[in-house]
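Chemist: Let me see the structure of the following:
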Amino acid sequence: MPSPATAPPPPASLKRIVAASLIGTTIEWYDFFLYGSAAALVFNKLFFPDSDPLVGTLLSFLTYAVGFAARPLGALVFGHYGDRLGRKKLLVLSLLLMGGATFAIGLLPTHATIGTAAPVLLTVLRLVQGFALGGEWGGAVLLVSEHGDARRRGFWASWPQTGAPAGQLLATGVLSLLTAVLSDAAFADWGWRIPFLLSGVLVIVGLWIRLSVDESPVFKQALAQAEARTAERSQDAEKLPLVAVLRHHWRDVLVAMGARMAENISYYVITAFILVYATTSAGVSKQTALNAVLIASAVHFAVIPAWGALSDRVGRRPVYLVGAAGVGLWMFPFFSLVDTGGFGNLIVAVTVGLVLHGAMYAPQAAFFSEMFATRMRYSGASIGAQFASVAAGAPAPLIATALLADHGSSTPIALYVIAAALLTVLAVAVAEETRHRDLAGVAPLAETDAGRAAAGAEDARTV
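Modeler: Residues are numbered from 1 along each chain as shown. Take a look at the predicted model:
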């Protein structure tokens, strides 16, 4: 018999919670991916005009990578306060920060107007984007994971994950439409600003939906228990979720970081770097490359919940391992198809890559959530996910572009992704299966020396 905190909410309530997480996450990823696409297409000319075209692209991707560097800081700050104050409040703040920074990029003067101050301001706004997104992911997936039916947690928690392809779909769709109806000169002059300014409208919609949902019942129960203990004695550990995570869950953090390597690197190679590679090496037009990513992102969106549901049946690890191994094996066929320059082959290359990526991304939300105790879950999941992004997604387009510039071949890029896939396979292979864990049954932070000694296993491994 489930406790009140773990009993699944009414279907209408759960769907509203899923919608709030999905729409907010879609907007945040729209903002983040919009920058990546613009970095590949126009920012090299607008903010680094004195550079060689490929060097300009490298510098543009460097500002793109800066956003990832800020994500661990966002994970630390949002995780700390999300574990103390709740998931909902921090999700509202992350949406405001991300939307405000993206809107400001749309108003930013270019190098031709204010000189070197332009790329500096661009970098600052990118840092704000990264900081906000570092706190967004953990809160969004936890809000659903802690509300949902434990038997279908993988399925429901995968829906916030569809915010990534939905955001990619929205960002690429808007850019594709603009490049189709505007000349290259008009798009570079003013057209690129439209999708950034559109973020302001999207944020208003996202806030209205997010403010309508309730806080996680699992978190409210854990908070009440913590306050009761605090009334009896000083509880410094409860006030420092980060310390508790690093003390009791450091192995889980390392597993999460390893699991993210192939997932993160492959995604940005397939969706961001491909816009550079296809247009410079394969002779594909910007419009064609964008359309291929657009179609593949729609398929990606559709398969993520299916992979999440499968993880409820067979476990998180088997599904994750299929994705990691599949992405590694697909890299050489991927570039071979892109090199043909055919639109159909380009669609197949990107679509298959994203379907395999979805096998990692879909169970990731439930997998990471189930690793950590409630009062340090936001911190633990966010730290594991976002610290990995600094070594994985942040430099991925930059490294891929540099390898292309040095070797003029896709072979070292494929080997780079394969190495990441091997690391992820190793990390997931040594991890414990988490499918049957009860999120509400996870013990709170240990209060005694004996309890702390056993804290590594405190999150009751089975329902």
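Chemist: what ranges do the helices span in the stretch 251-400 of the chain?
Modeler: Ranges of helices within the stretch 251-400 of the chain are 274-280, 286-314, 316-339, 343-369, 377-391, 396-407, based on DSSP state H, counting those that start in this stretch.
Chemist: Next: the stretch 1-150 of the chain.
Modeler: Using DSSP H, counting those that start in this stretch, helices in the stretch 1-150 of the chain cover 11-38, 44-47, 53-85, 87-106, 111-114, 117-145.
Chemist: Could you single out the most deeply buried of those?
Modeler: Most buried of those by mean neighbour count (mean count of other CB atoms under 10 Å) is helix 117-145; its value is a mean of 25. (Each C-beta comes from the backbone N, C-alpha and C, glycine too.)
Chemist: can you give me the angle that one makes with helix 377-391?
Modeler: 140 degrees (axes from the mean of the first three to the mean of the last three CA atoms, to 10 degrees).
Chemist: Give me the next element, helix or strand, following helix 117-145.
Modeler: Using DSSP states H and E, the next helix or strand after helix 117-145 towards the C-terminus is helix 153-161.
Chemist: list the buried ones in the very next helix or strand once past that following helix?
Modeler: With elements assigned by DSSP H and E, the helix or strand that comes after helix 153-161 is helix 163-181. Within helix 163-181, the residues that count as buried by 16 or more other CB atoms under 10 Å are 163-176, 178-179.
Chemist: Tell me how far helix 163-181 lies from the chain's centre.
Modeler: Using CA atoms, centre = their mean, to the nearest Å, the mean C-alpha position of helix 163-181 is found 17 Å from that of the whole chain.
Chemist: With stretch 421-433 instead?
Modeler: With CA atoms, centre = their mean, you get 19 Å for stretch 421-433.
Chemist: what's next to it, contact-wise?
Modeler: For stretch 421-433, the external contacting residues (CB atoms under 8 Å, 6 or more residues apart in numbering) are 254-255, 257-263, 266, 315-317, 320-321, 324-325, 327-328, 360, 461.
Chemist: which of the residues you listed are buried?
Modeler: Members of the contacts of stretch 421-433 classed as buried by 16+ other CB under 10 Å are 254-255, 257-263, 266, 315-317, 320-321, 324-325, 327-328, 360.
Chemist: low-scoring stretches of the stretch 151-300 of the chain, by residue?
Modeler: Judged by pLDDT under 70, the stretch 151-300 of the chain has its weakly predicted residues at 216, 222-223, 225-241.
Chemist: for the stretch 1-150 of the chain, same thing?
Modeler: 1-12, 40, 50-58, 60-61, 64, 148.
Chemist: Where does pLDDT dip in the stretch 301-450 of the chain?
Modeler: 440-450.
Chemist: cutoff 90 now
Modeler: Counting by pLDDT under 90, the stretch 301-450 of the chain has low-confidence residues at 369, 371-398, 401-402, 405-408, 435-450.
Chemist: Tell me which of the helices of the stretch 1-150 of the chain approaches residue 218 most closely.
Modeler: helix 117-145 (8.5 Å; CB to CB).
Chemist: now that closest one, how far from the centre of its chain.
Modeler: On CA atoms, centre = their mean, the centre of helix 117-145 falls 10 Å from that of its chain.
Chemist: Check stretch 202-213 too.
Modeler: The answer for stretch 202-213 is 20 Å, by CA atoms, centre = their mean.
Chemist: mind putting the helices of the stretch 1-150 of the chain in CSV, distance to residue 373 included?
Modeler: Listed next are the helices of the stretch 1-150 of the chain as CSV, based on distance: least, CB to CB, whole Å:
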stretch, distance to residue 373
helix 11-38, 21
helix 44-47, 44
helix 53-85, 10
helix 87-106, 15
helix 111-114, 49
helix 117-145, 12
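Chemist: right, and those helices - which one's nearest residue 296?
Modeler: Closest among the helices of the stretch 1-150 of the chain, once you apply CB to CB, is helix 11-38, at 13.2 Å.
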